[in-house]
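> Here's a sequence, model it:
(one chain, ligands or ions: 2)
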Amino acid sequence: MNILISGGAGFIGSHLCVKLLAKGHRVICVDNLITGSKENIKELLDNSNFNFIEFDISGPFYFKEDVDWVLHLASLASPKYYLNYPIKTLKSGLLGTYNCLGIAKNKKAKFLLASTSEIYGDPLVHPQPENYWGNVSSTGPRSCYDESKRAAEALTYAYFRQHSVDVRVARIFNTYGPNMHPDDGRVVSNFIVQALKSKDLTIYGDGKQSRSFCYIDDLLEGIQKLTEVDCTEPVNLGNSEEVTIAELAELILKETGSSSLVKNLSLPADDPKKRKPDITKAKEVLGWQPKTELKKGLQKTIEYFKKKLGKK
Ligand code: NAD
Ligand code: UDP
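Ligands and ions are numbered 1, 2, ... in the order given. Presented below is the predicted three-dimensional model:
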């Protein structure tokens, strides 16, 4: 198949490119490299089945080739970046999704949206099932991300209803692993890099807020299974092993053997207090559930960052 991936030079996108090429597909990777990196895809650039196009998907995008799937991942994805670039974030979520859906419609391709647990906001229902409508601020600092992803879902279902585009919506919960950028700003990469550099681990707030972390290999399997079934409804993809951020810091200190200390900084506005996916639907519809324990996934991620930082 010919598969277009927007955001293919980023953390999740680059793994998807590798996986799809290994299966013999042809991959067209469109990325403006705002947070992604050519480093993530450097081994693919010589592959004749791989075509990298440096382009901002918020602008209209035309090309001649046929496409079987459009996987739309392009977005600023880390709070550190989307808080700094709120308008670009909205443009990727709104115009980028609109453009990618337009491509899917014109090429009669299937379309997958990388949505997010953030569409549940600071949830009042725990764990979060897909039929929970969320608790989201439309004006707060995170609204650029949360609301553009909610609008991206709305656009996706508008194209599904009005133009019969065959859609998939993956609601991705916190995912981590190799190819995360060391300066990405998300908690797993921050803590590992800080631990390996013997710097204090920066816990925002008291560290009692929780998240549920999914290892990249598990997420990739979930995305693949979602493309293989006939399910146009949103599906949560994430690990239901919930930890507090203070527990995560402790685990990373233990696994890196670091003697770093932790310091508490102020909690960013509207930081969700807890998050854990209800993955009943993914289990039933995809026959999928994550296999990688947090400790094991962290060990693999720590190995990656050791090499990346020249500590090995
Ligand atoms: P990432 O920042 O590593 O990757 C995003 C990629 O999109 C980058 O390569 C970036 O350069 C590119 N990009 C951004 N705006 C673009 C634009 N306008 N045009 C072209 N390319 C653009 O982040 P990631 O973690 O790999 O996230 C990928 C997708 O998954 C995002 O849509 C994100 O919202 C979603 N997601 C990720 C997580 C997670 O925990 N990693 C959780 C929920 C949802
Ligand atoms: N966090 C933290 N220290 C950091 C980075 C993040 O304590 O250096 C916290 C953040 O406040 C949030 C959680 O870790 O409560 C997860 O943050 P991340 O940015 O990884 O993703 P989010 O789930 O908020 O999108």
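> rest of the way, CA atoms for contacts and neighbours
Noted.
> Any chance you could list what contacts whatever helix or strand Ser189 lives in?
Using DSSP states H and E, Ser189 maps to helix 187-196. Outside of helix 187-196, the residues within contact range by C-alpha atoms under 8 Å, 6 or more residues apart in numbering are 176, 180-184, 200-202, 249, 252-253, 256, 258-260, 302, 305-306, 311.
> gap between Gly185 and Arg171?
21 Å (C-alpha to C-alpha, to the nearest Å).
> Only the buried residues of stretch 165-173, if you could.
Buried residues in stretch 165-173, counted by 16 or more other C-alpha atoms under 10 Å: 165-173.
> show me which of the residues you listed neighbour ligand 2.
Among the buried residues of stretch 165-173, no residue lies close to ligand 2 (C-alpha under 6 Å from any ligand atom).
> Please identify which of these is nearest to ligand 2.
When those are compared for distance to ligand 2 (C-alpha to the nearest ligand atom), Phe173 comes out closest, at 7.9 Å.
> got the contact list for Asp271?
By C-alpha under 8 Å, 6+ apart, the neighbours of Asp271 are Asp122.
> and the lowest-mean-pLDDT helix or strand in the chain, is it in reach of ligand 1?
For the chain, using mean pLDDT, DSSP states H and E, the weakest element among its helices and strands is helix 79-84, scoring a mean of 94. No - Helix 79-84 is not in contact with ligand 1 by C-alpha under 6 Å from any ligand atom; minimum separation 8.4 Å.
> Start at 55, not 1
Yep, numbering from 55; the last one is helix 133-138 now.
> packing partners for that helix?
helix 197-217 (3 or more C-alpha pairs under 8 Å, 6 or more residues apart in numbering; DSSP states H and E).
> any residue of the helix it packs on up close to ligand 2?
No - judged by C-alpha under 6 Å from any ligand atom, helix 197-217 makes no contact with ligand 2; its nearest approach is 9.7 Å.
> Does that helix reach ligand 1?
No - figure legend: helix 197-217 not in contact with ligand 1 (C-alpha under 6 Å from any ligand atom); closest approach 7.6 Å.
> what comes up buried for that helix?
Going by 16+ other C-alpha under 10 Å, helix 197-217 has these buried residues: 197-207, 209-211, 213-214.
> Over to stretch 182-202?
182-184, 188, 190, 195-202.
> and this protein, which residues reach ligand 1?
60-67, 84-90, 109-112, 127-131, 146, 168-170, 226-229.
> Which parts of this structure are helices?
65-76, 133-138, 140-145, 151-161, 197-217, 241-250, 270-282, 299-310, 334-335, 348-362 (DSSP state H).
> Distance to Leu319 for those - can I get that in TSV?
Converted to TSV, these look like this (distance: least, C-alpha to C-alpha, whole Å):
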stretch	distance to Leu319
helix 65-76	26
helix 133-138	14
helix 140-145	23
helix 151-161	35
helix 197-217	22
helix 241-250	13
helix 270-282	28
helix 299-310	12
helix 334-335	36
helix 348-362	23
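> worst average pLDDT in those helices?
Lowest mean pLDDT within these: helix 133-138, at a mean of 94.
> which other residues reach that one?
130, 142-143, 195-196, 198-199, 238-240.
> Give me the contact status of it with ligand 2.
Yes - shown here: helix 133-138 in contact with ligand 2 (C-alpha under 6 Å from any ligand atom) through Pro133.
> what's the spacing between that helix and its chain's center?
14 Å (C-alpha atoms, centre = their mean, to the nearest Å).
> Convert the C-alpha atoms of that helix to CSV, please.
Below are the C-alpha coordinates for helix 133-138, written out as CSV (Å, rounded to 0.1, in the frame of the first residue of the first chain):
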residue,chain,number,x,y,z
PRO,A,133,2.8,20.8,26.6
LYS,A,134,6.2,22.5,26.6
TYR,A,135,5.8,23.1,22.8
TYR,A,136,2.1,23.6,22.4
LEU,A,137,2.1,26.2,25.2
ASN,A,138,4.8,28.1,23.3
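> got the buried residues for that helix?
Those would be 133, 135-137, for helix 133-138 by 16+ other C-alpha under 10 Å.
> Looking at those residues, which one is closest to Lys335?
Nearest to Lys335, judged by C-alpha to C-alpha, of those is Pro133 at 27.5 Å.
> now that closest one: how far from Glu172?
From Pro133 over to Glu172 (counting by C-alpha to C-alpha), the distance is 11 Å.
> joint contacts of those two?
Contacts common to Pro133 and Glu172, judged by C-alpha under 8 Å, 6+ apart, are absent.
> Out of the buried residues of helix 197-217, which is nearest to Gln263?
Nearest member of those to Gln263, counting by C-alpha to C-alpha, is Asp200, at 18.5 Å.
> If anything else comes up later, I'll come back, but that's it for now.
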